[in-house]
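Visitor: A predicted structure for the sequence below; I have some questions about it.
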Amino acid sequence: MSAGIGALLLAACARRPPVLVPPASGVEAVAGYAAASVHGETADVKGKFAFLFRRPGLGRVEVFDPLGRTVYYIVFTGQTAYLVVPGRKAYAEDRPAAMVARFLGFALGPDEALVLLSGQWPESAGVVAAGWALGRDPQGRVIRGERGGLVFEVAGFFPGAGVPRTVTFSRPGASGRLRVLSLEFNPAPRPGAFGTGFLKTFARRPVEELEGTRDDAP
């Protein structure tokens, strides 16, 4: 997570998609880069970002400008999500799913994001513990999910074993598209990735005050 991310993103776009097969031992963490575009009632969001999600409930999403500089990042530490804006030396906090909903329009927690990105859905009779009703294709891959008015559909997969590459979302008043540029399963721990040192040095602000930060992203 540093300057030069823009070059890495371009390289990821240029490469052929790799063959991805989740490890048989299970997916405890995912890391990579993605591009998203969201159209909502109050704002449109479009940009590229890095992500890291690790069970249970840990995550980091970092949004960059075209030069690879951090515009803002979100740290998930279990029950709390922190929106951090280095340029303003400020942060805000909210519940994880609510924080994601504020910026993408869709309420997803870190562990749900991990499951969606890996394509490894724990289920029983077509319903996962978090309440998602799932649909599968003839190959057994999850291609659709619905919960509480939020619907996702997998528009494309990486070669391999059912790992989504392109996912669309929709709910009343908002729609979006996520394209994964690169993905890694169970990466080595990254010291400080979920650190909260900013709590000591940055000013706490209402999350509504910092929401406009997303409009600064590319």
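Guide: Right, received. Where do you want to start?
Visitor: neighbours around the closest residue to residue 175 other than its chain neighbours, how many?
Guide: Nearest non-adjacent residue to residue 175, counting by C-beta to C-beta, 6 or more residues apart in numbering: residue 39, 5.5 Å away. Glycine gets a C-beta too; all of them are placed from N, C-alpha and C. One way to gauge burial is a neighbour count; for residue 39, by other C-beta atoms under 10 Å, it gives 15.
Visitor: Quick check: phi and psi at residue 39.
Guide: When read as degrees, to the nearest 10, the backbone of residue 39 gives phi -120, psi 120.
Visitor: How about residue 96?
Guide: Note on residue 96: its backbone torsions stand at phi -50, psi -50 [degrees, to the nearest 10].
Visitor: about what we covered before: so the residue nearest to residue 175 makes contact with residue 176?
Guide: Yes: the pair formed by residue 39 and residue 176 meets the contact definition of C-beta atoms under 8 Å, at 6.8 Å.
Visitor: Contacts for the helix or strand that contains residue 83, please.
Guide: Residue 83 is part of strand 81-85 when elements are defined by DSSP states H and E. Contacts of strand 81-85 from elsewhere in the structure, counted by C-beta atoms under 8 Å, 6 or more residues apart in numbering, are 71-75, 90-96, 98-100, 103, 196, 198-199, 202, 207, 210, 213.
Visitor: Quick check: helices, which of those are part of them?
Guide: Among the contacts of strand 81-85, the members found in helices (DSSP state H) are 96, 98, 99, 100, 103, 198, 199, 207, 210.
Visitor: For the fifth one, give me its contacts.
Guide: Right, the one you point to is residue 103. The contact partners of residue 103, taken as C-beta under 8 Å, 6+ apart, are 45, 74, 83, 211, 214.
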